[in-house]
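# Generate a structure from the sequence data that follows.
(chains A and B)
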2 protein chains.
Amino acid sequence: MTSPSATQDSYPYQNEPIWSRSEKAIARKAFDAALGQELHEVIQEAKKMANEIQQSSDLWDLEHYLTQRRKGIDRKYDFRGSRLTDVLGRLLYENRLGEEDLRGLPEEKMKSIRSFAQFLRGGAA
Amino acid sequence: MTSPSATQDSYPYQNEPIWSRSEKAIARKAFDAALGQELHEVIQEAKKMANEIQQSSDLWDLEHYLTQRRKGIDRKYDFRGSRLTDVLGRLLYENRLGEEDLRGLPEEKMKSIRSFAQFLRGGAA
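Here you go, the predicted model:
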């Protein structure tokens, strides 16, 4: 009953890792904590920058900073299953989460996550 | 010696008001004062908004506010001679300057400026 277009759409993802409900719950907790921490950092920095504004260029620097951080956060925090291994790997690489935050994930997924973090460090994947 | 394309380019502006050097100096002073005041307002509001940030939506509200004000300011403060009458009329309409700030401009220009302010008020131009 699968239409050709549906088959085609799903094709690139047929090798994507499958996340069980309990694995997703672990990932979600670590993901949300990292996002919350990153947002907290941006809020603190924005308050500091705003407090120090003296001239209009400082004002537009703040706007630029916020835009860049918003875009970076939007790109980084993608919870789709097809992206999750890389997303968690990047958060590990950025020290926004530790391996202990992912305790309970199967070793196979941990290996993929570590491997992507290692790749970002510029080392062997 | 005027090339056809130059004639064509200048055509829409052939009726634009000519601003003498001394008139431009008067306009520039009023224009700069209004711009400085508007930037000061945005800086104060940005500091206040930043100070009151509690959650990420407040952060992106600040970004959005700054983007809108920057775009509005860029559009509004156009010192080209072809636009200056309307620009000063708008600043008059917004009470960002008073007629006394334009003292020294010839009555013909004041009439055009007042007329545009009146148009923006929705009255007869």
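# Residue in chain A with the shortest distance to chain B?
When scored by Cβ to the nearest Cβ, chain A has residue A:50 as its residue closest to chain B, at 3.3 Å. Every C-beta, even on glycine, is put in place using the N, C-alpha and C of the backbone.
# Enumerate every residue touching that residue.
Contacts here follow Cβ atoms under 8 Å, 6 or more residues apart in numbering or on different chains; on that basis residue A:50 touches A:62, B:46, B:47, B:49, B:50, B:51, B:62.
# secondary structure element for the fifth one?
Under the assignment given by DSSP states H and E, the secondary-structure element containing residue B:50 is helix B:21-51.
# On the secondary structure side, give me the element for residue A:89.
Using DSSP H and E, residue A:89 maps to helix A:84-93.
# After that helix, which helix or strand is next?
Scanning forward in sequence from helix A:84-93 by DSSP H and E, the next helix or strand is helix A:107-120.
# on that earlier part again, orientation of the helix holding residue B:50 relative to helix B:107-120 in degrees?
Here the directions of helix B:21-51 and helix B:107-120 differ by 30 degrees (axes from the mean of the first three to the mean of the last three Cα atoms, to 10 degrees).
# Can you list the buried residues in the helix or strand just after helix B:21-51?
Once helix B:21-51 ends, the next helix or strand along the chain (criterion: DSSP H and E) is helix B:56-76. In terms of neighbour count (16 or more other Cβ atoms under 10 Å in any protein chain shown), helix B:56-76 has its buried residues at B:56, B:59, B:60, B:62, B:63, B:65, B:66, B:69, B:70, B:76.
# Is chain A within reach of helix B:56-76?
Yes: applying Cβ under 8 Å from any Cβ of the partner chain, one finds helix B:56-76 touching chain A at B:56, B:59, B:60, B:62, B:63, B:66, B:67, B:70.
# Could I get the average pLDDT for stretch A:50-57?
For stretch A:50-57, mean pLDDT rounds to 97.
# Same question for stretch A:105-119.
In this model, stretch A:105-119 has a mean pLDDT of 96.
# wait, what's in contact with residue A:83?
For residue A:83, no residue meets the contact criterion (Cβ under 8 Å, 6+ apart).
# same deal with residue A:42?
With contact taken as Cβ under 8 Å, 6+ apart, residue A:42 is in contact with A:66, A:69, A:73, B:56, B:59.
# Make a markdown table out of those and add distance to residue B:110.
As requested, these are exported to a markdown table (distance: Cβ to Cβ, whole Å):
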| residue | distance to residue B:110 |
| --- | --- |
| A:66 | 41 |
| A:69 | 47 |
| A:73 | 51 |
| B:56 | 49 |
| B:59 | 45 |
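# Tell me the residues of chain A that contact chain B?
Residues of chain A found near chain B (Cβ under 8 Å from any Cβ) are A:39, A:42-43, A:46-47, A:49-51, A:53, A:56, A:59-60, A:62-63, A:66-67, A:70.
# on that earlier part again, the helix holding residue A:89 to helix A:107-120, inter-axis angle?
If you take the same axes, to 10 degrees, helix A:84-93 sits at 60 degrees to helix A:107-120.
# Pull out the buried positions in helix A:84-93.
Residues of helix A:84-93 classed as buried: A:84, A:85, A:86, A:87, A:88, A:89, A:90, A:91, A:92, A:93 (neighbour count, 16+ other Cβ under 10 Å).
# Then stretch A:108-122?
Buried residues in stretch A:108-122 (16+ other Cβ under 10 Å): A:109, A:110, A:112, A:113, A:114, A:116, A:117.
# Go ahead and confirm the fourth one touches residue A:88.
Yes: the pair residue A:113 and residue A:88 passes the contact test of Cβ atoms under 8 Å, sitting 4.8 Å apart.
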